[in-house]
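Chemist: following is a predicted model, sequence given first.
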Amino acid sequence: MLRDMPSSTGTRAYAAAHFALELDQKKDVGLFKSIEGGGMKTELIKYQNGAQHPTFFRLGKAKYEDIKCQVGMAMSQPFYQWIEAFFTGIPTRKTGAIVAADFYYKERARREFDQAMITEVAFPKLDGNDKGACYMNVTISPESVKYMPGSNQPITAPEKTRAQKLWAACNFDFRLDGFEDACRRVTKVDAFTLKQKPIEHHQGMVRDTVKVPGRLEYPNITFYVPESDAQAFVDHHTQYAKLGTVQPDARLDGEINTYDNQGNLVFTVEFSGSEIFNITHDKADAGSEEVKQVKIELCVEGMTFTYAQNDA
């Protein structure tokens, strides 16, 4: 079989089953569910000489692809502190490495990155009827990436991977100031994504591109409640949108809390400066046996992320 046939360099092919993260020389930051990107590519510059047919190519500046990671709750405190800083708009740069390991948790390859920033954090949909495991998608934008051979040393202990299964889509609660009773039966919260597109800065003859953080874009939040609990939201929206009796500075604050299977708090996303801008009722169908839902959409002016478990 292929795995038993050594290559001409004396190394064996392997299946990269585990991926670990190192940040600022700190080992054992955590394990990813999946990872992609981090490659290097260059733009082609074309040269044509007059009316001659041949076209000559030259390599332009190198560009490094964003690293897209899918993570659960098996990361350690430094990684979540990095996310917390991203939510506040603080441009925190990190140096680290993505380590690929085989089935036996031995390091086989590594991608070292420098001056990396988080540019996107995507949260999955939360649903009271979904007991499956949840994962965040985190996009990291480095200024340079270097491929290195692995040390063949063990990485993170396998016991830590058990924490990946603790965060389930059904373990959450939703709170909105002034609507505590109406929010007790929130059934779903749609997926949402924070983005901060980097601005590329080219300088002189320097081959690598300097990346500067751009504007942080906060997403809208969409949640669902049974129609029997929606009247308070409808009344508030009517006063603000139709009658104009709610003051513009009377914004709403709230939070989304997630829990593990034992009921322990995992993390909290707080949002502020919110207002209801759309309410949509489910289609009325005489043949439907499902509980009729109402979709409520909030605009958001600010967000914070707080990780509750300290496993550093």
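Modeler: Nice, thanks for sending it over. The structure presented is a predicted model; accordingly, all values stated were derived computationally and were not measured.
Chemist: wait, residue 191 touches residue 124, no?
Modeler: Yes - between residue 191 and residue 124 there is a contact at 5.4 Å, judged by C-beta atoms under 8 Å. Every residue, glycine included, has its C-beta placed from N, CA and C.
Chemist: comparing the two, which shows the higher neighbour count?
Modeler: residue 124 (19 against 12; other C-beta atoms under 10 Å).
Chemist: grab the nearest non-local neighbour of that one.
Modeler: Spatial nearest neighbour of residue 124, excluding adjacent residues (C-beta to C-beta, 6 or more residues apart in numbering): residue 134 at 4.9 Å.
Chemist: pull the number of nearby residues for that neighbour.
Modeler: Residues lying near residue 134 (other C-beta under 10 Å) number 23.
Chemist: is residue 21 in a bridge, and if so with what?
Modeler: Judged by DSSP bridges, the bridge partners of residue 21 are residue 30, residue 98.
Chemist: distance of it relative to residue 150?
Modeler: 15 Å (C-beta to C-beta, to the nearest Å).
Chemist: with neighbour numbers in mind, choose between these two.
Modeler: Between residue 21 and residue 150, residue 21 has the larger neighbour count (other C-beta under 10 Å), namely 27 against 17.
Chemist: contacting residues for that one?
Modeler: 29, 30, 31, 32, 69, 75, 79, 96, 97, 98, 99 (C-beta atoms under 8 Å, 6 or more residues apart in numbering).
Chemist: now the residue nearest to residue 75 when sequence neighbours are not counted: how far from residue 197?
Modeler: Spatial nearest neighbour of residue 75, chain neighbours left out: residue 30 (3.2 Å); criterion: C-beta to C-beta, 6+ apart. From residue 30 across to residue 197, the span is 26 Å (C-beta to C-beta).
Chemist: more neighbours, these two?
Modeler: With neighbours defined as other C-beta under 10 Å, residue 30 and residue 197 compare such that residue 30 has more, 26 against 12.
Chemist: so that one sits right up against residue 72, yeah?
Modeler: No - Residue 30 lies out of contact with residue 72 (C-beta under 8 Å); the separation is 9.0 Å.
Chemist: what's the pLDDT at the residue of the chain positioned farthest from its centre?
Modeler: Distance from the C-alpha centroid of the chain, by C-alpha atoms, centre = their mean, peaks at residue 51 (50.9 Å). Model confidence at residue 51, given as pLDDT, is 72.
Chemist: doesn't it lie inside a strand?
Modeler: No - using DSSP: H, G, I helix; E, B strand; the rest coil, the assignment for residue 51 is coil, not a strand.
Chemist: how about it, phi and psi?
Modeler: When read as degrees, to the nearest 10, the backbone of residue 51 gives phi -90, psi 10.
Chemist: residue contacts, it?
Modeler: Residue 51 neighbours (C-beta under 8 Å, 6+ apart): none.
Chemist: tell me how far the ends of stretch 101-110 are from each other?
Modeler: Distance between the boundary residues of stretch 101-110 (C-alpha to C-alpha, to the nearest Å) amounts to 9 Å.
Chemist: any idea what residue 304 is bridged to?
Modeler: If you apply DSSP bridges, the partners that residue 304 bridges to are residue 270.
Chemist: equivalent analysis for residue 294, please.
Modeler: Residue 294 forms beta bridges with residue 225, residue 281, as assigned by DSSP bridges.
Chemist: in which helix or strand does residue 236 reside?
Modeler: helix 231-237 (DSSP states H and E).
Chemist: helices and strands around that helix, which ones?
Modeler: Other helices and strands packing on helix 231-237, by 3 or more C-beta pairs under 8 Å, 6 or more residues apart in numbering; DSSP states H and E, are strand 265-281.
Chemist: how far does the helix holding residue 236 sit from the chain's center?
Modeler: 32 Å (C-alpha atoms, centre = their mean, to the nearest Å).
Chemist: the helix or strand following that helix - what's its average pLDDT?
Modeler: Heading C-terminal from helix 231-237, the first helix or strand you meet, by DSSP H and E, is strand 252-259. For strand 252-259, mean pLDDT rounds to 93.
Chemist: buried stuff in strand 252-259?
Modeler: Buried residues in strand 252-259, counted by 16 or more other C-beta atoms under 10 Å: 252, 254, 255, 256, 257, 258, 259.
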